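*Asks:* Prediction below, plus the sequence it came from.
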Amino acid sequence: MKSIQFYDFQFRHRIDLREYLKEYYSLEFECRGGAYVCTTDSDLSIHLDGQHENTWVQSNAASNAKSRHGSLLKHGSIINWESIKNDCPIVQAIEIVSKNQSSLSDYKTAHYKKLESLFTKVATRFRYTRLPEVVDYLESRGVDHTSYAQEFNIGSPKSYESLVNDLITANTLAKEIKELLTDLYIIRNPRSYEYLPFDPSVTIPVHNKTGDFIGFHGRKVSPGTRQRYYNTGFLKDLASEILYGEDKSVIEESINQKKQLVLTKGIFDFFTCFQNGYHQVLATLNKGISIQQFDKVVKYPVTEIVVGLTAPKERNIILGLMHHSLNKIDLSLITDSGDIDDSVKSGTSLSDIISGALKNMQASEEGIITASMRNRKVRMDALTELGQTFLVLETDLQTLVKTSKRSPRKMKDFLVGEGKQGRQIVQSGKYIRFPKTFVTNTILEEFGAELRTLLFLLLKTKGRQTPINYTKRVLQADLDLSSASLCDHLNKLRSSGYLLSRKDSRKRKVSLYYPSTIKF
């Protein structure tokens, strides 16, 4: 999830405030004495330069005056402006700006352009100052860093002061350099992994597909380091959305030519593939793969994806995400349990690893379930990963439960229809979350009238950290069911793994709750 600080920085430096206020508030500005002053409201102006470039200021507001949602009335970014004008929280204002931004042209402030330039210089500097222990570590991992180090700027941070001194020019003094480095999440003594640690580590700069700077990804080389990998700056906000290497034309061309994509988790597997001629490679730089990253992967013009993620959970996520793409793409799983670079280092050729990848899934939904997952519980784990979900209005679900007592088909059709609308991002809490793969015919056809009981209990347990307690008599009355029908429903749900129960002999109640495999 992106932080409010991320949105604030992006909106402040990537949206022209004058154009925004003109487009959506019909406000015109003209340049006067180092600021843009509103032609219809002389108390309103926009800063022209510095870190506060592109910031609105109201001279007639008190310095400490705030709106009821906490935004300062004297100055702020577009987010604060929308929060004040719409009398809404910051998170809602972010949605308004995000929607409006799509109609505006691309924009970068002068400060942002300076950061881009400095980001490139820092990355280049790290490559030129690789520490001996970092070089040793790269060689121990089998990475021939000399052959393509310049293209990827593989390097290591040395010391903060030497970095500042290297970047000082006649036009950019130390103070400004340090301010710019801070905006790039580089400071002397960081206490957070959001910033670049000046420890011996392999460091690479990361850009998005359009080449915009994101941050630095690194791996500490000291043995026994507790947190070995780190993402700095905006990479912490965007790690689940970008694929490392997607900005490189040589990689895109190779994917298009070979119609194959090798997907790895870490940079060492990535570089092992690249240096062995497998340029059709991308890396997630994250644990497993997110739904956003997977959506990017399947949009490439490929007929095969070779998965280098070897942990069972990571593979199950991939298999679940592939659920709706099997008619287009073959999935190959590398059989080795270790990382790609470890296998190559031990003497196995990368071509053998790729060509011997286990094609245990054909272009059908049945193939993935039969060949890759042995029982229903594992299948549900794989097919209901967080993120692959959709939202249903709580009131709509309540109405469905009330009106579908004798119509299981009505419930199934409703859920299928809701699922086809796609993923939704909603701030309100009046929604029930469903796994997208829960509404496939394969799964829904297993249900009869007990589906209504499951949906009812799902509504009742929403947001609860503890099991919900129900006597059978009360549950029977709420659902308007006979005792025999309710017992039949509960037994079916328990036996199929959707419901667990525990009798409480003291209170003569039954505690009902959902197993984690369902992940509603």
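*Replies:* That came through fine.

*Asks:* what about T399, which SS state?
*Replies:* helix (DSSP: H, G, I helix; E, B strand; the rest coil).

*Asks:* E450 versus that one, what's the distance?
*Replies:* 19 Å (Cβ to Cβ, to the nearest Å). Glycine gets a C-beta too; all of them are placed from N, C-alpha and C.

*Asks:* okay, those two: which has more neighbours?
*Replies:* Remark: of T399 and E450, E450 carries more neighbours, 21 against 12, as counted by other Cβ atoms under 10 Å.

*Asks:* show me what contacts that one?
*Replies:* D488, H489, L490, K492, L493 (Cβ atoms under 8 Å, 6 or more residues apart in numbering).

*Asks:* now with 7 Å?
*Replies:* By Cβ atoms under 7 Å, 6 or more residues apart in numbering, E450 lies in contact with H489, K492, L493.

*Asks:* Also D480?
*Replies:* K405.

*Asks:* make it 10 Å
*Replies:* K402, K405, L486 (Cβ atoms under 10 Å, 6 or more residues apart in numbering).

*Asks:* which one of these has the most neighbours?
*Replies:* Counting neighbours by other Cβ under 10 Å, L486 leads the contacts of D480 with 20 neighbours.

*Asks:* unless I'm mixing things up, it is touching T471, no?
*Replies:* No - counting by Cβ atoms under 10 Å, L486 does not reach T471; the two are 11.1 Å apart.

*Asks:* so what's in contact with those two at the same time?
*Replies:* Common neighbours of L486 and T471 are listed as A477 (criterion: Cβ under 10 Å, 6+ apart).

*Asks:* Burial check on E179, number of neighbours?
*Replies:* 13.

*Asks:* Which residues does the helix or strand hosting it contact?
*Replies:* E179 is part of helix 174-183 when elements are defined by DSSP states H and E. The contact list for helix 174-183 (Cβ under 10 Å, 6+ apart) reads 9, 13, 50-51, 111-112, 114-115, 117-119, 121-122, 160-161, 163-169, 172, 186-188, 195-196, 233.

*Asks:* Go through that helix and flag the buried ones.
*Replies:* Across helix 174-183, burial judged by 16 or more other Cβ atoms under 10 Å covers E176, I177, L180, L181, D183.

*Asks:* And stretch 159-173, by the same measure?
*Replies:* Quick answer for stretch 159-173 (16+ other Cβ under 10 Å): Y160, L163, V164, L167.

*Asks:* Find me the pLDDT at the closest residue to the third one other than its chain neighbours, would you?
*Replies:* In this case it means V164. Leaving out its chain neighbours, the residue that sits closest to V164 by Cβ to Cβ, 6 or more residues apart in numbering is I177, at 5.3 Å. pLDDT, I177: 92.

*Asks:* With the one 5 residues further on instead?
*Replies:* You'll see T182 listed with a pLDDT of 90.

*Asks:* Can you give the domain ranges for this protein?
*Replies:* As assigned by automatic domain parsing, the chain contains the domains 4-101, 110-238, 249-372, 389-513.

*Asks:* For the stretch 201-350 of the chain, which segments are assigned as strands?
*Replies:* Assigned strands in the stretch 201-350 of the chain, in chain order: 201-207, 213-220, 229-231, 260-264, 281-283, 304-307, 330-333 (criterion: DSSP state E, counting those that start in this stretch).

*Asks:* Any chance you could list what contacts the fifth one?
*Replies:* With contact meaning Cβ under 10 Å, 6+ apart, strand 281-283 is reached by 206, 217, 242-246, 248, 251-252, 254-255, 260-274, 293, 296-297, 300, 305-306, 308-309, 340.

*Asks:* Grab the most central residue of the protein for me.
*Replies:* S240 (3.0 Å; Cα atoms, centre = their mean).

*Asks:* who's in contact with N80?
*Replies:* N80 neighbours (Cβ under 10 Å, 6+ apart): 8, 11-12, 55-56, 66-67, 69-74, 90, 93.

*Asks:* Now, of those, which are buried?
*Replies:* If we count by 16+ other Cβ under 10 Å, the contacts of N80 have these buried: D8, F11, R12, T55, W56, H69, S71, L72, L73, K74, I90, A93.

*Asks:* quick one: which of those residues is nearest to V134?
*Replies:* D8 (34.4 Å; Cβ to Cβ).

*Asks:* Return the distance of that closest one relative to D136.
*Replies:* Using Cβ to Cβ, one gets 41 Å for the distance from D8 to D136.

*Asks:* show me where the stretch 401-520 of the chain has strands.
*Replies:* Going by DSSP E, counting those that start in this stretch, the stretch 401-520 of the chain shows strands at 431-435, 468-470, 500-504, 509-513.
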